[in-house]
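1. I would like the atomic coordinates for the input below:
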Amino acid sequence: MQYPQGHWSFPKGHVEAGEDHHSTARRELLEETGIEEIRIIPSWAERTEYSYSRKGSVNQKQVYWYLATTDEFQVKLSHEHTNFLWLDPESAIDQLTFEQEKIVLSNARKVLENLRAD
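-> Residues are numbered from 1 along each chain as shown. This is a model prediction of the structure:
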């Protein structure tokens, strides 16, 4: 997904009260893409951490990443994004802006390849 600042990243967001991480992933995907039906692949998850500056203060963020499948391909962009692309993993790695997310996708790709081989 492309953000107004120009960078490309995955859908993501903050955990709300009463949510677990899977519920957050489902809600954020729905809010940012309009995609309702997903199946989270239970055999893989990854957590990353990074810091960023906003309004003069440094903030720490933890992100939990999941693999999911869907049969819905019609995307309804939220106001948070300016564009989206459906890409194969290799092209997505090239498109992503942040190195940490490229590594996450590379790790997820290996899991997908192993699942297909089974």
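2. Could you use CA atoms for every contact and neighbour count after this?
-> OK.
3. And the contacts of the helix or strand bottoming out on mean pLDDT in the chain?
-> Comparing every helix and strand of the chain by mean pLDDT, DSSP states H and E singles out helix 99-117 as the least confident one, with a mean of 91. Surrounding helix 99-117, the residues in contact under the criterion CA atoms under 8 Å, 6 or more residues apart in numbering are 9, 44, 46, 48, 65, 67, 89, 93-94, 96.
4. what do you get for stretch 81-89?
-> Contact partners of stretch 81-89, identified using CA under 8 Å, 6+ apart, comprise 1-4, 32, 77, 105-106, 109.
5. Break down the protein into its strands, ranges please.
-> Using DSSP state E, the strands found in the chain span residues 39-54, 57-69.
6. want to throw these into TSV with mean neighbour count?
-> Written out in TSV, the entries for the strands of the chain read as follows (neighbours: other CA atoms under 10 Å):
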stretch	mean neighbour count
strand 39-54	11
strand 57-69	13
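7. OK, contacts around the residue lying closest to His14 once chain neighbours are set aside?
-> By the measure of CA to CA, 6 or more residues apart in numbering, the closest residue to His14 outside its immediate chain neighbours is Thr24, 7.2 Å from it. By CA under 8 Å, 6+ apart, the contact list for Thr24 reads 13-16.
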